[in-house]
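Model the structure of this input:
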Amino acid sequence: MKVTVDIDCTPEEARRFMGLPDLSSVHDVYVEKMKAMMADGLSPDVMGEMMKNWAPMGEAGMKMWSDMLGQMSGKR
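Numbers count the residues shown, from 1 in each chain. Purely as a prediction, here's the structure:
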């Protein structure tokens, strides 16, 4: 048997229902910092460090993705 339930709610309502914290103020601060960095000009070094921090498993994860995409494109 298969049961499907559709719930029509906003992301805010879903967050509250599931008991998740409201991180909108943290998000606003983060966005403002990113805007300031963009206005000041991002150097390639800063951008590379950000990407390494965002990637799962840090630098090892970036290498894994790079290798996988290289293999898929036939370059490696």
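
need the next SSE after the worst-scoring helix or strand of the chain on mean pLDDT, C-terminal direction.
Within the chain, confidence by mean pLDDT, DSSP states H and E is lowest for helix 44-54 among all helices and strands, at a mean of 73. On the C-terminal side of helix 44-54, the nearest following helix or strand under DSSP states H and E is helix 58-73.

Who are the packing partners of that next one?
Contacts defined by 3 or more Cβ pairs under 8 Å, 6 or more residues apart in numbering; DSSP states H and E place helix 58-73 against helix 44-54. Using the backbone N, CA and C atoms, a C-beta is placed for each residue, glycine as well.

Please state the offset of the helix it packs on from the chain centre?
13 Å (Cα atoms, centre = their mean, to the nearest Å).

Surely residue 59 touches residue 52?
Yes - contact criterion Cβ atoms under 8 Å: residue 59 and residue 52 qualify, at 5.5 Å.

about what we covered before: what angle do the least confident helix or strand of the chain and helix 58-73 make?
90 degrees (axes from the mean of the first three to the mean of the last three Cα atoms, to 10 degrees).
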